[in-house]
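1. The following comprises the amino acid sequence and a computationally predicted model.
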Amino acid sequence: MTVFLFFLFYSVDQYFSFLIINRFVELVIYLLAIITIVLTVVRLNKWLKTLRYRFRIEVIASILLILFFAHEFFAPYFYPENYLKEVGIEKIEMYHQLASPDLSAKELEKLAEGAVVKEMVAHYIITESYPNIGSLENIEVLDFKRNYSQYELLIQAEQPEGEKTYQYTFAKEGFDFKIIGFAQLD
């Protein structure tokens, strides 16, 4: 139970991104969270011992934990292929909008946060250099492949220089799929 609650806390850490500023504060909050989780689990365990249907409740809780971790580790398998393709194309379009010179720094940061994982966003913010890859038109999905907690899209799109082929890799971050890697194959 402790592992589940800690994993849940850690999986929503993007909402606590201000903690990256001070690692000591982050460590203290994590320690407090772990202590709170342990104390909560001990109290829950004592309370469960007083219940008549303790075994059934523990079995149901165990099954729910297994389903939760299965969903987290194999997320793309829980969504239909068309949905993943639509989300992927949406994120790819957002990512290619980062090349627009008309956007302010805040708009670029917001677009990046919506399209790519937080590590890539941090890189773009720190280096103040966003990808300059131009816009894509007539995006066509050539191949789709699920791979454990990630999925890949192989796309072909038109650019001013001609047709190009790209491979994008997506992973679940928070409650959404985001780009974690890409490569131009031509």
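-> Ah, there it is.

2. Report the outermost residue of the chain with respect to its centre.
-> Distance from the C-alpha centroid of the chain peaks at residue 52, with 40.1 Å (Cα atoms, centre = their mean).

3. Verify the assumption that it is located in a helix.
-> No. The assignment for residue 52 by DSSP: H, G, I helix; E, B strand; the rest coil gives coil, which leaves it out of any helix.

4. quick one, strands of the protein?
-> Ranges of strands in the chain, per DSSP state E, are 137-147, 150-159, 162-173, 176-184.

5. where's the residue farthest from the centre of the chain relative to residue 76, distance?
-> 41 Å (Cβ to Cβ, to the nearest Å). C-beta here means a position set from N, CA and C on the backbone, and glycine is covered the same way.

6. Find the one among the strands of the chain with the highest mean neighbour count.
-> Neighbour counts (mean count of other Cβ atoms under 10 Å) averaged over each of the strands of the chain peak at strand 150-159, with a mean of 18.

7. now it, how far from the centre of its chain.
-> 19 Å (Cα atoms, centre = their mean, to the nearest Å).

8. Show me what that strand is in contact with.
-> By Cβ atoms under 8 Å, 6 or more residues apart in numbering, the list of residues contacting strand 150-159 from outside reads 76, 84-85, 88-89, 92, 134-145, 163-171, 177, 180, 185.

9. so where's the longest helix in the protein?
-> helix 23-49 (DSSP state H).

10. Show me how this structure divides into domains.
-> Using automatic domain parsing, the domain parsing of the chain gives 2-73, 77-184.
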